[in-house]
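**Student:** Have a look at this fold, sequence not included:
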């Protein structure tokens, strides 16, 4: 366990939060998309985060030592919540009753998630910088 | 002429070893705190504490929730502690350098 592991852990979280922000951007961009690649309206995407195990067993083997801890996005799944139905009979994607299914994306929820995620991104950059200060201090030993 | 012992001056005392161990522990603790901050939003994550006696990460037993501000404060405190160890080590080296070089004056 060296100081580089702390850097790797913070970078893994910065990376995961960047992916989360990309997903939020995709959700917001498709807030009105009635046609997705899979057919039907766009479904809101959700990132699934998982902890990477923290290991102090660097003596065991190199492969074992690489389980350095941190976090990763293990999957991106679709929100199974129902679509919003809006009455708009003139729309080409309207059903027989004149309702159009719009994506199950809520703008306010995405915006709150975006602010929260960008704060977490910053928090991990702060952690990275604190570790960087430690590494620089080490080099000050005469 | 037997009997009179030459006094042993041990300038290589335990200070170096102790400071190195303290710095090693601070480095490991930094990784544990960074790990907690990284997993602040991970569902089902159980925060870890660093046991300074065992020198490894342990699950928190008090059930305290993971608070970002507390973890960042602990991270900064750990870094300042580390700076203090570096300063102590540096002054120890300076003392030894003085002993080694100023002795002939």
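**Tutor:** Yep, it's here. Values in this document were obtained by computation on a predicted structure and should not be read as measured data.

**Student:** Show me what secondary structure element comes after the helix or strand bottoming out on mean pLDDT in chain A.
**Tutor:** When the helices and strands of chain A are compared on mean pLDDT, DSSP states H and E, helix A:62-65 comes out lowest with a mean of 46. Moving toward the C-terminus from helix A:62-65, the next helix or strand (DSSP states H and E) is strand A:71-78.

**Student:** That next one close to chain B?
**Tutor:** Yes. Against chain B, strand A:71-78 shows contacts by CB under 8 Å from any CB of the partner chain at residue A:71. Heads up, the C-betas are built off the backbone N, CA and C, glycines and all.

**Student:** That strand: which residues count as buried?
**Tutor:** Within strand A:71-78, the residues that count as buried by 16 or more other CB atoms under 10 Å in any protein chain shown are A:71-73.

**Student:** One more: stretch B:43-51?
**Tutor:** Across stretch B:43-51, burial judged by 16+ other CB under 10 Å covers B:45, B:47-50.

**Student:** mind listing the helices for chain B?
**Tutor:** In chain B, the helices defined using DSSP state H lie at B:15-38, B:68-102.

**Student:** want to throw these into CSV with distance to chain A and mean pLDDT?
**Tutor:** Below are these laid out as CSV (distance: least, CB to the nearest CB, whole Å; pLDDT from 0 to 100):
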stretch, distance to chain A, mean pLDDT
helix B:15-38, 3, 91
helix B:68-102, 5, 92
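
**Student:** Of the ones you listed, flag the one that's most buried.
**Tutor:** Comparing the helices of chain B by mean neighbour count (mean count of other CB atoms under 10 Å in any protein chain shown), helix B:15-38 comes out on top with a mean of 22.

**Student:** tell me what that one is packed against?
**Tutor:** Judged by 3 or more CB pairs under 8 Å, 6 or more residues apart in numbering or on different chains; DSSP states H and E, helix B:15-38 is in contact with helix A:3-29, helix A:107-138, strand B:48-51, strand B:56-59, helix B:68-102.

**Student:** Out of those, the one nearest residue B:22 is which?
**Tutor:** For residue B:22, the closest of the helices and strands packed on helix B:15-38 is helix B:68-102, at 5.1 Å, according to CB to CB.

**Student:** Next, report how far the closest one is displaced from the centre of its chain.
**Tutor:** 8 Å (CA atoms, centre = their mean, to the nearest Å).

**Student:** Isn't residue B:90 up against residue A:142?
**Tutor:** Yes. Contact status for residue B:90 versus residue A:142: in contact at 5.6 Å, counting by CB atoms under 8 Å.

**Student:** Residue A:100 sits in which helix or strand?
**Tutor:** Going by DSSP H and E, residue A:100 is in strand A:99-102.

**Student:** Please identify the pairing partners of that strand and their relative orientation?
**Tutor:** strand A:84-87 (antiparallel) (DSSP bridges).

**Student:** Could you pull up the mean pLDDT of the partner strand?
**Tutor:** Mean pLDDT, computed over strand A:84-87, is 93.

**Student:** ok now it, how far from the chain's centre?
**Tutor:** That offset, for strand A:84-87, works out to 29 Å (CA atoms, centre = their mean).
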